[in-house]
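>>> need the 3D shape of this:
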Amino acid sequence: MNWNIYLQGLYVMLAFAFAGWLISLYRRNVTHVDSMWSLFFVLAAIAYANKMDALTDRSLIVLLLVGIWATRLCLYLTWRNWGTHEDHRYAEIRQNNAPYFGLKSLYIVFVLQALLAWVISLSILGAIISAKTMNIVDIAGIFLVSFGLIWETVADWQLSIFKANPDNNGKVLDSGVWRYSRHPNYFGECCIWWGFFLIALAAGAWWALPSALLMTFLLLKFSGVALLEKDIDTRRPAYAAYIQSTNALIPGCKRAQK
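Okay, here's the model as predicted:
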């Protein structure tokens, strides 16, 4: 592991986080940090690649995959969150950290996300800086990243169509890929980052394991499943039955309800 190159990613991410924070002060809204999330990794990947004398095929493939993943996610979240209304998650954080949330949000929201992204970017670092020849583990990783990207794209597309129909207000989407797990978009995201870890592992970067582990933890216990399902049954009463019959993350067959 090259700490000098790794730290370059941190510097770029923190600078980007600071710029996002300044924008949030002007807008009085921090929701755009969701759109920034995937861009942290693009900036890190570019910073890592910029320090290399020459890029390998593996490096170029990872840069392409990161770019495709980040662009899609950024555009989708920007479209979903467009407007002046602050997302209810951040509105609650704002209320819980008053007064002076504007100042506190620098480290509570923006710097925190930059640091998390920096740790998760270990897989990208490991893949980009290695000069090892590509092997079958790379192929498995590329396949897993591609599968995850397609799976989460389909999940987001199906959810967008469902929400666009006013007749579905208060209802639960349990068809399509949402039939097999309650959070197929997060399952796709996990596949993507375990795929990047496999590519890093093929490059000899076993030390990138915290990348996939941290992303999985965040999606399951911190900002993903646990946060979204904290009070969803009060807004969608049918969700309790959905929980009983459907896996949270990993797709599976429907279970009989108790």
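>>> remind me, longest helix of the chain?
Within the chain, and with DSSP state H defining each element, the longest helix by residue count is helix 136-164.
>>> how far does that one sit from its chain's centre?
The chain centroid and the centroid of helix 136-164 are separated by 12 Å, computed with C-alpha atoms, centre = their mean, to the nearest Å.
>>> restricting to C-alpha, output the next helix or strand after it in PDB.
Once the chain leaves helix 136-164, the next helix or strand it forms, by DSSP states H and E, is helix 184-202. Output of helix 184-202 as PDB, limited to C-alpha atoms (Å, rounded to 0.1, in the frame of the first residue of the first chain):
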ATOM      1  CA  PRO A 184     -32.500  -4.600  -4.100                       C
ATOM      2  CA  ASN A 185     -30.700  -1.300  -4.800                       C
ATOM      3  CA  TYR A 186     -28.500  -1.800  -1.800                       C
ATOM      4  CA  PHE A 187     -27.900  -5.400  -2.800                       C
ATOM      5  CA  GLY A 188     -26.700  -4.100  -6.100                       C
ATOM      6  CA  GLU A 189     -24.400  -1.600  -4.300                       C
ATOM      7  CA  CYS A 190     -22.900  -4.300  -2.200                       C
ATOM      8  CA  CYS A 191     -22.200  -6.400  -5.300                       C
ATOM      9  CA  ILE A 192     -20.400  -3.500  -6.800                       C
ATOM     10  CA  TRP A 193     -18.100  -2.900  -3.900                       C
ATOM     11  CA  TRP A 194     -17.400  -6.600  -3.300                       C
ATOM     12  CA  GLY A 195     -16.600  -6.700  -7.000                       C
ATOM     13  CA  PHE A 196     -14.200  -3.900  -6.700                       C
ATOM     14  CA  PHE A 197     -12.600  -5.700  -3.800                       C
ATOM     15  CA  LEU A 198     -12.100  -8.800  -5.900                       C
ATOM     16  CA  ILE A 199     -10.400  -6.700  -8.500                       C
ATOM     17  CA  ALA A 200      -8.100  -5.300  -5.800                       C
ATOM     18  CA  LEU A 201      -7.500  -8.800  -4.500                       C
ATOM     19  CA  ALA A 202      -6.500 -10.000  -7.900                       C
END
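>>> before we move on, the earlier item: report the buried residues of the longest helix of the chain.
Buried residues in helix 136-164, defined by neighbour count with 16 or more other C-beta atoms under 10 Å: 138, 141-142, 144-146, 148-149, 151-156, 158-159, 162. No exception for glycine: its C-beta is placed from N, CA and C like everyone else's.
>>> ok, now stretch 59-70?
59, 61-63, 65-66, 69-70.
>>> same check, this time on stretch 51-59
Buried residues in stretch 51-59, counting neighbours by 16+ other C-beta under 10 Å, are found at 56, 58-59.
>>> show me the helices in the chain, by range?
Going by DSSP H, the chain shows helices at 3-27, 33-50, 57-81, 88-96, 101-105, 112-120, 122-129, 136-164, 184-202, 209-217, 225-228, 232-235, 239-245.
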